[in-house]
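>>> Predicted model follows, preceded by the sequence.
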Amino acid sequence: MSAEWAPQEALGQRFAALAGAGLLDVADARLAADHFLAPTFGVTISRLGSANAAEDSRVRPLIVAGVRAFLRAYRAG
């Protein structure tokens, strides 16, 4: 695994663990990581050029909306 992909792999492993605990419905943990990053940080960077909530108050609401979208898609049951 390349260092470039390490954060996505780690996130995928965490989603797999949450799925194992019955908290998420995840068939492909690495794809779930990509699906998490796209509507959170991807949208924020695309719209604002940054995902730094400490420097820009517009970041947090976009990340929260992305997390909510992810949870709707991957919630268990």
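Looks like it came in fine.
>>> SS state for the residue sitting furthest away from the middle of the chain?
In the chain, counting by Cα atoms, centre = their mean, residue 55 sits farthest out from the average C-alpha position, at 20.5 Å. Taken by DSSP: H, G, I helix; E, B strand; the rest coil, the conformation at residue 55 corresponds to coil.
>>> per-residue pLDDT, it?
We note a pLDDT of 90 for residue 55 in this prediction.
>>> Give me the distance between it and residue 38.
22 Å (Cβ to Cβ, to the nearest Å). Every residue, glycine included, has its C-beta placed from N, CA and C.
>>> what do you get for residue 58?
18 Å.
>>> These two: which has the busier surroundings?
residue 38 (14 against 11; other Cβ atoms under 10 Å).
>>> Ignoring the adjacent residues along the chain, who's closest to that one?
residue 66 (7.8 Å; Cβ to Cβ, 6 or more residues apart in numbering).
>>> residues in contact with that neighbour?
36, 38-41, 43-44 (Cβ atoms under 8 Å, 6 or more residues apart in numbering).
>>> a strand runs through it, doesn't it?
No: using three-state DSSP, the assignment for residue 66 is helix, not a strand.
>>> Next, the buried residues of stretch 60-73.
62-63, 66, 69-70 (16 or more other Cβ atoms under 10 Å).
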